[in-house]
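K.L.:
please find the sequence and the predicted model below.
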Amino acid sequence: RNNDKTSPLDLANAIRGYAIMKQETGAMLQAKSLWEEVRKLYASVDVEAGVAESSRRLAAIAHELPS
C-alpha cells in the first residue's frame, strides 16, 4: 500500500486474497473492510468483474454480521 510503484490493480489483486482468507475463516469485520478497499481499487481502474465480486461478497458478509 505504501509503495507508489504498485498499481491499483496489483494492489487489489493482492488484497483480494487476504479478503477471501478472512471471510472464509469467519473474520467478517476484517473481511468487510478489505472487500471495501478492494472494490474501490477495482473501480478506480474500471475492472467491472472485480467490483461485482466485491459487491457480492460484501452482501454475503452483511448477512453474516449482526444487525
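P.N.:
Right, received. Where do you want to start?
K.L.:
could you use CA atoms for every contact and neighbour count after this?
P.N.:
Will do.
K.L.:
what comes up buried for the helix or strand hosting residue 17?
P.N.:
In this assignment (DSSP states H and E), residue 17 forms part of helix 8-24. Judged by neighbour count using 16 or more other C-alpha atoms under 10 Å, the buried positions of helix 8-24 are 8-9, 11-12, 15-16, 19-20, 22-23.
K.L.:
try stretch 33-44
P.N.:
Counting neighbours by 16+ other C-alpha under 10 Å, stretch 33-44 gives 34-43 as buried.
K.L.:
ranges for the helices of the chain?
P.N.:
Ranges of helices within the chain are 8-24, 28-44, 48-64, based on DSSP state H.
K.L.:
now the first one: average pLDDT?
P.N.:
When you say that, I think you mean helix 8-24. For helix 8-24, mean pLDDT rounds to 97.
K.L.:
same question for the second one.
P.N.:
With pLDDT averaged residue by residue, helix 28-44 scores 98.
K.L.:
from what I can see residue 35 touches residue 57, true?
P.N.:
Yes - with contact defined as C-alpha atoms under 8 Å, residue 35 reaches residue 57; the gap is 7.4 Å.
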